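[1] Curious how this folds, go ahead:
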Amino acid sequence: MIVQWWSSVAGRARAQADGETVAPSRTDFFSTSDIVSVHVRLKPTTRGIITGDDLAAMAPRSLFVNTSRAGLVAQGALEAEVARNSIFAAIDVFDTEPLTDTNHPLLMAPNVLPTPHIGYVTEDEFDLQFSDIFDQINAFADGIPIHMINPEVWTRT
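    Model (predicted):
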């Protein structure tokens, strides 16, 4: 698999410095990628960063994967592109979560694989997370909380 990157100016510079392949332009990135996988934090500066034009530039039958945040894609852009039946999508993030509208276009489209915001989870990850959560609950119950961000506020009564 040939992997290519697209990111902010600083992100592209880091990728190039690490010897990674960076697409010559944003349009080239979307139009030449068989799979686009989104790995971006949602911040005010990244909201709607992926536009309808970006998705429309993707080659027919390519795959758009978003397990980051739905707000990274301009509102309605993915639904519109999916409705054209041009691309496939694998998503586990939605504008409204939990998504309870069983007629939502992203749940009904045959070219979309939706999951309920757990697409990243493995059994090992669940075991690790829940083990840590139980350790924290038990430590708190014993009066010796662990992993506190602000321990200065803890006073045992």
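[2] all strands of the protein, in order?
    Taking DSSP state E as the test, the strands found in the chain are 4-5, 21-22, 35-38, 63-66, 88-91, 112-114.
[3] And the second one, what does it pack against?
    Packing partners of strand 21-22 (3 or more Cβ pairs under 8 Å, 6 or more residues apart in numbering; DSSP states H and E): strand 4-5, helix 9-17. (Glycine included, C-beta is placed from N, CA and C.)
[4] what sits up against the first one?
    Okay, so that is strand 4-5. With contacts defined as Cβ atoms under 8 Å, 6 or more residues apart in numbering, strand 4-5 is touched by Gly11, Arg12, Ala15, Glu20, Thr21, Val22, Ala23, Phe29, Thr32, Ser33.
[5] Could you check the pLDDT of the residue nearest to the first one when sequence neighbours are not counted?
    Excluding its sequence neighbours, the residue lying closest to Gly11 (Cβ to Cβ, 6 or more residues apart in numbering) is Trp5, at 7.5 Å. The predicted local distance difference test score for Trp5 is 94.
[6] Tell me the bridge partners for Trp5.
    Assessed by DSSP bridges, Trp5 has beta-bridge partners Val22.
[7] That one: neighbouring residues, count only.
    Per other Cβ atoms under 10 Å, the neighbour tally for Trp5 reads 15.
[8] State the distance from it to Leu106.
    Noted for Trp5: a distance of 26 Å to Leu106, by Cβ to Cβ, to the nearest Å.
[9] hmm, back to that, adding neighbour count, write the contacts of strand 4-5 out as JSON lines.
    Formatted as JSON lines, the contacts of strand 4-5 follow (neighbours: other Cβ atoms under 10 Å):
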{"residue": "Gly11", "neighbour count": "13"}
{"residue": "Arg12", "neighbour count": "16"}
{"residue": "Ala15", "neighbour count": "17"}
{"residue": "Glu20", "neighbour count": "13"}
{"residue": "Thr21", "neighbour count": "10"}
{"residue": "Val22", "neighbour count": "17"}
{"residue": "Ala23", "neighbour count": "17"}
{"residue": "Phe29", "neighbour count": "20"}
{"residue": "Thr32", "neighbour count": "15"}
{"residue": "Ser33", "neighbour count": "20"}
